[in-house]
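> Show me the folded form of this:
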Amino acid sequence: MSESDDTRRTAEAPETAAEADADLPSWDDDYLQRVADRLKFNYDLERDHTAGSQRFEMYGRLYVESQKQFFHQSINWANYETVEHLFVRRADGVSRADLDALVELGHDLADEWIAADEEHQGTDFTFVLVVPDIPEDVRSYVDGFRDRTLLKYGYYGAYEVNLAVVAPDREDAVGSSEADVTAAFELWRDLDAGPDGLLGRLRAWLG
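The predicted structure is shown next:
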C-alpha cells in the first residue's frame with residue numbers, strides 16, 4: 001500500500017516561457033514589467049486592479065493545493081489550499097497611516113474573499129508600495145510588522161496581512177516577516193542568491 005503527499009499549484013499558469021510571455025499583461029512602467037517577469041511563472045497577474053476603494057497597478061494571485069493520496073489521485077484526503085493575493089501600487093510617498101489603511105483593507109478583503117472551511121489552510125494579503133524613498137519610521141514599522149488571524153481558533157486555518165515598501169531607485173526595500181515576495185521586487189539582487197525568501201517558499205510548497 002502506498003500513501004503520498006501531492007502538492008501542486010493549481011492556478012491556470014502557463015508552463016513554458018513562451019506561454020507565460022503570451023499571457024503576461026503589459027505595463028508602461030518598466031520597473032513593474034521587470035517585476036512581473038519574475039512573478040509570471042507563479043502568480044496569475046493583472047493590471048489596473050481595484051480592491052475596496054483602492055486601485056493597484058498590479059494584482060497577482062498564487063494558489064496552491066495540497067493533498068494526501070492513496071495509490072491514485074482520485075483516492076485522497078487532507079486536502080488543503082493556500083492562497084496569496086498580491087497588490088502593488090506606486091506612490092509619491094508613504095506614511096504609517098497609509099500602511100494602516102492597507103492593513104484595514106486586508107482585513108476587509110479577508111471577510112469578503114475567504115471561504116472559511118476545513119480545507120482552507122491559509123490566505124495571505126500582501127501589499128507592496130513602490131516609492132521614491134523609505135522613511136525610517138516606516139522602515140521600522142514594516143520590519144517589525146506581523147498580523148495573523150486564526151479562523152475558528154485555527155480549525156479553518158488562518159490569514160495573514162503582509163506589507164512591503166520598495167524604493168527601486170535607491171535599491172532599498174523592507175518587508176514584514178512573512179512578505180517573502182519582497183525578494184522579487186529587489187531587482188538589484190539575485191533571486192536565487194539564498195535558500196530563504198520567495199523561491200525557497202515556492203520550492204517548499206510545490207516540491
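
> Low-confidence stretches in this structure?
In the predicted model of the chain, residues 1-22, 65-80, 192-207 satisfy pLDDT under 70.

> What segments of it are strands?
3-9, 44-51, 54-70, 72-90, 120-130, 147-150, 158-167, 172-175 (DSSP state E).

> Put the alpha carbons of the fifth one into PDB.
This points to strand 120-130. Provided in PDB are the C-alpha atoms of strand 120-130 (Å, rounded to 0.1, in the frame of the first residue of the first chain):
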ATOM      1  CA  HIS A 120      -8.700  26.400   4.000                       C
ATOM      2  CA  GLN A 121      -5.200  26.300   5.300                       C
ATOM      3  CA  GLY A 122      -4.000  29.900   4.800                       C
ATOM      4  CA  THR A 123      -4.500  33.100   2.800                       C
ATOM      5  CA  ASP A 124      -2.000  35.900   2.500                       C
ATOM      6  CA  PHE A 125      -2.900  39.500   1.600                       C
ATOM      7  CA  THR A 126       0.400  41.200   0.600                       C
ATOM      8  CA  PHE A 127       0.600  44.900  -0.100                       C
ATOM      9  CA  VAL A 128       3.600  46.400  -1.800                       C
ATOM     10  CA  LEU A 129       4.100  50.100  -2.200                       C
ATOM     11  CA  VAL A 130       6.700  51.400  -4.600                       C
END
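
> Within the sheet, what are the partner strands of it, with directions?
strand 72-90 (parallel), strand 158-167 (parallel) (DSSP bridges).

> quick revisit: turn the strands of the chain into a markdown table, including distance to residue 140 and mean neighbour count.
Using the backbone N, CA and C atoms, a C-beta is placed for each residue, glycine as well. Shown next, in a markdown table, are those (distance: least, CB to CB, whole Å; neighbours: other CB atoms under 10 Å):
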| stretch | distance to residue 140 | mean neighbour count |
| --- | --- | --- |
| strand 3-9 | 35 | 13 |
| strand 44-51 | 26 | 16 |
| strand 54-70 | 24 | 18 |
| strand 72-90 | 21 | 16 |
| strand 120-130 | 15 | 23 |
| strand 147-150 | 16 | 13 |
| strand 158-167 | 11 | 24 |
| strand 172-175 | 9 | 20 |
